[in-house]
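Undergrad: give me a 3D structure for the following:
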Amino acid sequence: MSIIHALGANSGRLIRITFGPGWRQQPPARVAGQAKLARARIIMLACGLVVCYLAIVAKLIYFDLEPRTDTSAIPPDRVSAARPDIVDRNGELLATDVRTVSMFAEPNRVIDPDEAVEKIASIFPDIDRKSLYKKLADRRSHFAWLRRQLTPKEQSEILALGIPAIGFRPEVKRFYPGGRTAAHILGYVDIDNHGVAGMEKYLDMQGLSDLASTGLTSRDTLEPVRLSIDLRVQNVVHDVVTNALDLYKGKAAGAVVLDIHTGEVLAMASAPDFDPNDPQATGSDGWLNRMSNGTFEMGSTFKTFSMAMAFDVGAVKATDTFDASAPLHYGGFIIHDDRDVPRRWLTVPEIFRYSSNIGTAKMMDRVGMDNQKAYLTRFGLLTKLKTELPEVKMPTQPRVWKKINSITISFGHGVATTPLQTAVAGAALMDGGELIEPTFLPRTREEAEKVETPIVKPATSDIIRSLFKLNGEEGSGKPANVPGYHVGGKTGTANKVIHGVYSHKLSFNSFLGAFPIEHPRYVVLAFVDQPLTGEHNLTFATNTAAPMVRDIIKQAAPMLGVKPDFGSNLIASY
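TA: Purely as a prediction, here's the structure:
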């Protein structure tokens, strides 16, 4: 037994430690080895901790120093390009860019996609969580749009969440101060500010989109685009058209105001419409511009063109008379007149005033089918309208023209045209017989003279103008008259084709008018599709479309600088 004595440091007394019989003294070398091993383990543990620490530091440095996505180098199809302002003929703003921001993520830097989804969804409850998670969890992706065109409040709320790897890119958003007022003319843009319809699309077709792809577009380099539209008149037309849907309970309505001498479209509206600031909100029915991209059988307004060609080829004189006392029979078809048409011999002015189908058919029989097709083509009523607006529909006509087709087309059944091209052809007959393709851009009278095409003799134009005046004063056009402005024109009430059969209840009503009729400056065409009521509880064009033209002229004429004349009176001569 061994005894080790130690002196207590504090007590000053001797301490005896006694080892039992099982204790065996370790060799000094072994004790030294164990101590060395312990030191090695401590060093290894320390080294391991240092390595882990360095790994964490390195990862943090990696996240901090890893090159971030250069959002200025995002492919052009994911960048909203600047667009020029669009203004009306007087410089009033129609469309412009406003600054906004869009939210993006760098998925390869997102630490916890689930947490990020929950936080973002708390600000945007309508967001697609599955799609959002898929974007954020894609570690191979360096960029993903999460939400485009945020409001300042939304941006502030997202910033307050403190989500890593979420950023914001300054962008531009198209803004239309007038909302629906000129929707079908201006069109709209997509989320990336690319033109989708209307004049917005036209600008891209003219090279704006190519210029934007090169990064050369900015608000400082783009001059405003001036249209032929007069915003004051456009407001009037839009109000009258949209009100017509409520007043007449129609399926659709539309109107246009044309400068006869230049072909400029001063105003045009179609309803239902849409808000170009949010085109998806109203559905696709509002996107259809029925003035230029819808075709309709225009009814008796076509008698204007039938008479013009009859006079122009010399087949009919204004002093001629035709027997309208009995219906006409062609094969299995019967051509008859409305109840208000006298059953007797009618002069040419009476055929126009009373809108006689029988009289017009007999006139067309003299003209002949070949001449009829040639003139309708010359009038631009069988070909696609040429203008800047991309949404233009091709007219329809019979594949094979037969005698019965020629007869029915003479009074507006069998050929379907757009209301805009009908107005253009009507303007030509008011302007000495010179056809001018319509434009939505400013055009001077001198510029128009360089592109106009003669379609009838000036004398023919004079006769048609006199017939318009007669009908405006004594016929179905009287409800369109505005005191002092001498409105002339022609109504058209065309039965609608429903399931391949002409309906006796539903109609397409239109009125083609011009003013001041002594020396016309403007043509106005208005239509209502399938009205269920009208003035005096009647659904004819004289009770629906004609009052629309009256309301437009009453308000727009002073804006256009047309002075009322309560003294002059042109005596019609035939």
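
Undergrad: which one is Gln436 nearest to, not counting chain neighbours?
TA: For the record, residue 436 is Ile, not Gln. If the residues on either side of it in the chain are set aside, Ile436 comes closest to Gly263, at 3.5 Å by Cβ to Cβ, 6 or more residues apart in numbering. The C-beta positions use only the backbone N, C-alpha and C, and glycine is treated the same way.

Undergrad: the closest residue to Ala144 other than its chain neighbours: how many residues sit nearby?
TA: Excluding the flanking residues, the one nearest Ala144 by Cβ to Cβ, 6+ apart is Lys135, at 4.3 Å. For Lys135, the tally of surrounding residues (other Cβ atoms under 10 Å) stands at 21.

Undergrad: other residues contacting the host helix or strand of Lys135?
TA: Using DSSP states H and E, Lys135 sits in helix 129-136. The contact list for helix 129-136 (Cβ atoms under 8 Å, 6 or more residues apart in numbering) reads 105, 107, 110, 113-114, 116-117, 120-121, 141, 144, 146.

Undergrad: wait, the residue nearest to Ile436 sits on Phe440?
TA: No. Gly263 is beyond contact range of Phe440, at 10.0 Å (criterion: Cβ atoms under 8 Å).

Undergrad: from Val87, how far off is the one residue sitting closest to the centre of the chain?
TA: Nearest residue to the geometric centre of the chain (Cα atoms, centre = their mean): Gly187, 3.0 Å. Noted for Gly187: a distance of 15 Å to Val87, by Cβ to Cβ, to the nearest Å.

Undergrad: and Phe296, by the same measure?
TA: 32 Å.

Undergrad: please say which of those two ends up with more neighbours.
TA: Phe296 (23 against 18).

Undergrad: pLDDT at Tyr502, what is it?
TA: In the prediction, the pLDDT value recorded for Tyr502 is 88.

Undergrad: partner residues bridging it?
TA: Val497 (DSSP bridges).

Undergrad: tell me who's in contact with it.
TA: So Tyr502 contacts 413, 495-496 (Cβ under 8 Å, 6+ apart).

Undergrad: most neighbours of all the residues you listed, which one?
TA: Most neighbours among these, by other Cβ under 10 Å: His413, with 20 neighbours.

Undergrad: nearest residue to that one in space, please, no chain neighbours.
TA: Here the residue nearest His413, using Cβ to Cβ, 6+ apart, is Glu297, at 5.3 Å.

Undergrad: and that neighbour, how many neighbours?
TA: 24.

Undergrad: sorry, back to before: any chance of the contacts of helix 129-136 in JSON lines, with neighbour count, secondary structure and distance to Ala541 too?
TA: Output for those, formatted as JSON lines (neighbours: other Cβ atoms under 10 Å; DSSP: H, G, I helix; E, B strand; the rest coil; distance: Cβ to Cβ, whole Å):
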{"residue": "Ala105", "neighbour count": "27", "secondary structure": "strand", "distance to Ala541": "58"}
{"residue": "Pro107", "neighbour count": "20", "secondary structure": "helix", "distance to Ala541": "61"}
{"residue": "Val110", "neighbour count": "22", "secondary structure": "coil", "distance to Ala541": "64"}
{"residue": "Pro113", "neighbour count": "19", "secondary structure": "helix", "distance to Ala541": "63"}
{"residue": "Asp114", "neighbour count": "10", "secondary structure": "helix", "distance to Ala541": "64"}
{"residue": "Ala116", "neighbour count": "24", "secondary structure": "helix", "distance to Ala541": "61"}
{"residue": "Val117", "neighbour count": "22", "secondary structure": "helix", "distance to Ala541": "59"}
{"residue": "Ile120", "neighbour count": "22", "secondary structure": "helix", "distance to Ala541": "56"}
{"residue": "Ala121", "neighbour count": "15", "secondary structure": "helix", "distance to Ala541": "55"}
{"residue": "Ser141", "neighbour count": "16", "secondary structure": "coil", "distance to Ala541": "60"}
{"residue": "Ala144", "neighbour count": "18", "secondary structure": "strand", "distance to Ala541": "56"}
{"residue": "Leu146", "neighbour count": "22", "secondary structure": "strand", "distance to Ala541": "53"}
